[in-house]
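>>> Task: produce atomic coordinates for the following.
(one chain, ligands or ions: 1)
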Amino acid sequence: MSARTRHFRTMILDALDLHARVRPASFAIDDVTYGELRDGASRVAERLRAVGVAPGDRVVLYAENSLGFVYAYLGALRAGAIVVPANVLYRESDLARIVEDSGARVMCVSAQSRPFVASGYSGPVVDLADVVAWAIDAHIAPYACDRTPDDTALLVYTSGTTGRAKGAMLTHANLAAIASQVTRAWAWTSGDTLLLTLPLFHIHGLCAGVNGTLATGARLLLRERFEVSDVIATLRAGKTTMFFGVPTMYVRILERADSGPFPAVRLFVSGSAALPASIHEAFAARFDASILERYGSTEFGFALTNRYDGARYPGTVGFPFPGVRVRLVDANACDIPDGEIGEILVSGPNVCAGYWRDADATAAAFVNDTDGTRWFRSGDLGTFDTERGYAIVGRTKELIISGGFNIYPREIEDELVSIDGIRAAAVIGRPDAARGELPVAYVETEGVADVDIEAVLATLRARLASFKVPREMTIVDELPRNAMGKIDKPALRARSAM
Ligand code: AMP
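Numbers count the residues shown, from 1 in each chain. Predicted coordinates for the structure are as follows:
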């Protein structure tokens, strides 16, 4: 293999250069072509260098989705910096933690996010509107700084729904591996157009959506956020071939769209949280489309996917992506037999190098095989079946132990959302003197008056073992969720303890 080929295969930026050479006039992001995107990224890199960004410096991107965000991301990488995406919903303390822990050199913000810049931060603040202006300013000389595949490209702070946020260090090689895995598994080509409404500060939007597009030379239609009527209209317009979402987006589409297929869409992907089997089935029945579910996390991008060609079983996440290895283990990190529940371990070129400046957290997150293979402990519990693949049953920390019985909240949540009128459900354990913990449920309904709690509990009693039936069920207007639409169970637990 020539040095040049090897180089291309390791860097997302090299893919951008390649497509800018081969198809300069093809659209990359909205109406921006590959030629424009490459030139713009190099100009932004030059301006960031002039602002003081040196190779290895951390550049925080704190903004909602926009073209400026993509230019800042690519420009910062091209300047040799480490990009630190920060959730745009973060305020004072969450943001201060990221800015301080990463040692931010520069913060890139939008008009909307600028008022919330961490008070302790005194470094340069760059407006993404200026970034777009730099990108199209032909007077700015292009700049590029060489990096190696093992250099850190992204520092992504994990959702933080449990404990202190930690920065997962993803290298350029990790990004290339993740992009290669999703593009191969999902048969992505330069002819595809992806509608992306997922936030770019999260791995699903950035590493699958943006990097997958750049790796293949495809086109991205980027939206600031998910607006259900816009998404339905765009998918119906017949120009989009792929849509990536989280389960709540599919619930919203089902609430709003009439039946009938979406003409050009060949692939709907769901991930970041469990897609209830009932939603998969309802979507298939209404739109004649079988949602492909994948399983991933900030620390390893993606690990499991339903088959692209072949049956997709509701409630399962399929098989490892090409190049990824997955195992199920018990509490002693020993393999368990098929059919039993174990913790998911992940190994492969996609798995992050560890946590930023946190050797203890890194050591706790990995186990090493006798042959030296490094396995990431996902903290998720799953099962395996040779035909259907893996299924996620919940987080190790969410397991409820009641009177000595294990209760996996997901099983009860899936039953709850399959009942008419229940839109979303969360089951947590409440401390109990006699049984250790008792399951209690919180549900979000489509119309509060329509759901009879006693009738729902009676349905569950008929379907589940008695120890799994929630001892209490509360109807709430809205469950607490994070920016990815994932239910925030620690917040619910705090509420339940009050
Ligand atoms: P994040 O790091 O924010 O992407 O969160 C990763 C976590 O989301 C995983 O550890 C899982 O708990 C959860 N997750 C991601 N995909 C799925 C899925 N398809 N089914 C169930 N849980 C998922």
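
>>> In CSV, list the C-alpha atoms belonging to stretch 278-297.
Included here for stretch 278-297 are C-alpha records, laid out as CSV according to Å, rounded to 0.1, in the frame of the first residue of the first chain:
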residue,chain,number,x,y,z
SER,A,278,-44.2,-1.5,19.0
ILE,A,279,-42.8,1.6,17.3
HIS,A,280,-40.8,-0.4,14.8
GLU,A,281,-43.9,-2.4,14.0
ALA,A,282,-46.2,0.6,13.7
PHE,A,283,-43.7,2.4,11.4
ALA,A,284,-43.4,-0.6,9.2
ALA,A,285,-47.2,-1.0,9.0
ARG,A,286,-47.8,2.7,8.3
PHE,A,287,-45.0,3.5,5.9
ASP,A,288,-43.8,0.1,4.6
ALA,A,289,-40.3,0.8,6.0
SER,A,290,-38.4,-1.3,8.4
ILE,A,291,-36.3,1.0,10.7
LEU,A,292,-32.7,-0.2,11.0
GLU,A,293,-31.7,-0.1,14.7
ARG,A,294,-28.1,0.4,15.7
TYR,A,295,-26.4,0.5,19.1
GLY,A,296,-23.5,2.8,19.9
SER,A,297,-22.0,5.1,22.4
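
>>> so, in contact with the ligand or not, it?
Yes: when contact is scored as C-beta under 6 Å from any ligand atom, part of stretch 278-297 falls within range of the ligand: 293, 295-297. In short, each C-beta sits where N, CA and C put it, glycine included.

>>> Pull out the buried positions in that stretch.
Under the neighbour-count criterion of 16 or more other C-beta atoms under 10 Å, stretch 278-297 has 278-280, 282-283, 287, 289-297 buried.

>>> so I203 sits right up against T158, yeah?
No: no contact is recorded between I203 and T158 when judged using C-beta atoms under 8 Å, the distance being 9.6 Å.

>>> Mutual contacts of these two, please.
The overlap between the contact sets of I203 and T158 (C-beta atoms under 8 Å, 6 or more residues apart in numbering) consists of 297-298.

>>> Have a look at those two and say which one is more surrounded.
Here I203 and T158 are set side by side on neighbour count (other C-beta atoms under 10 Å), and the busier one is I203, at 29 against 17.

>>> number of nearby residues for the nearest residue to the more buried one once chain neighbours are set aside?
On the basis of C-beta to C-beta, 6 or more residues apart in numbering, the spatially nearest residue to I203 that is not a chain neighbour turns out to be T298, at 5.2 Å. Other residues near T298 come to 19 when the count uses other C-beta under 10 Å.

>>> ok, T298 - contacts?
Contacts for T298 (C-beta under 8 Å, 6+ apart) come out as 156, 158-159, 168, 202-203, 352.

>>> Give me the residue ranges of the stretch 1-150 of the chain where confidence is low.
1-10 (pLDDT under 70).

>>> just the residues of the stretch 201-350 of the chain that are near the ligand, which are they?
If contact is defined as C-beta under 6 Å from any ligand atom, the residues of the stretch 201-350 of the chain in contact with the ligand are 203, 271-274, 293, 295-298, 317.

>>> want to throw those into TSV with distance to D57?
Putting these into TSV (distance: C-beta to C-beta, whole Å) gives the following:
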residue	distance to D57
I203	21
G271	31
S272	29
A273	33
A274	38
E293	37
Y295	33
G296	28
S297	26
T298	21
V317	37
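
>>> which residues touch the residue of the stretch 1-150 of the chain found nearest the ligand?
Ranking the residues of the stretch 1-150 of the chain by distance to the ligand (C-beta to the nearest ligand atom) places N87 first, at 9.9 Å. For N87, the set of contacting residues under the criterion of C-beta under 8 Å, 6+ apart consists of 94, 157, 199, 201-202, 482-483.

>>> Between these, which sits nearest the ligand?
Lowest distance from the ligand to those (C-beta to the nearest ligand atom) belongs to H202, with 6.5 Å.

>>> Next secondary structure element downstream of the longest helix anywhere in the chain?
Counting residues, the longest helix in the chain under DSSP state H turns out to be helix 34-51. Next helix or strand after helix 34-51 toward the C-terminus (DSSP states H and E): strand 58-62.

>>> Just the buried residues of the next helix or strand after that following strand, please?
Scanning forward in sequence from strand 58-62 by DSSP H and E, the next helix or strand is helix 67-78. For helix 67-78, the neighbour count (16+ other C-beta under 10 Å) marks 67-78 as buried.

>>> chain center to helix 67-78: distance?
Here helix 67-78 is found 19 Å from its chain centre; the criterion is C-alpha atoms, centre = their mean, to the nearest Å.

>>> other SSEs contacting that helix?
In terms of contacts (3 or more C-beta pairs under 8 Å, 6 or more residues apart in numbering; DSSP states H and E), helix 67-78 is packed against helix 12-22, helix 34-51, strand 58-62, strand 82-85, strand 104-109, helix 128-135.

>>> wait, S378 sits on V346?
Yes: in this structure, S378 sits in contact with V346. The criterion is C-beta under 8 Å, and the distance is 5.9 Å.

>>> More neighbours: those two, which one.
In this view S378 and V346 are compared by other C-beta under 10 Å, and V346 has more residues nearby, 26 against 22.

>>> Point me to the helix or strand that includes that one.
Per DSSP H and E, V346 falls inside strand 342-347.

>>> Just the mean pLDDT for that strand, thanks.
With pLDDT averaged residue by residue, strand 342-347 scores 97.

>>> And for the very next helix or strand once past that strand, what's in contact with it?
Toward the C-terminus, strand 342-347 is succeeded by helix 359-365 as the next helix or strand (DSSP H and E). Residues external to helix 359-365 that are found in contact with it (C-beta under 8 Å, 6+ apart): 166, 299, 354-355, 376-377.

>>> number of nearby residues for T459?
For T459, the tally of surrounding residues (other C-beta under 10 Å) stands at 17.

>>> Please name the nearest non-neighbouring residue to it.
Setting aside the residues directly before and after it, T459 is nearest to I419 in space (C-beta to C-beta, 6+ apart), at 5.9 Å.
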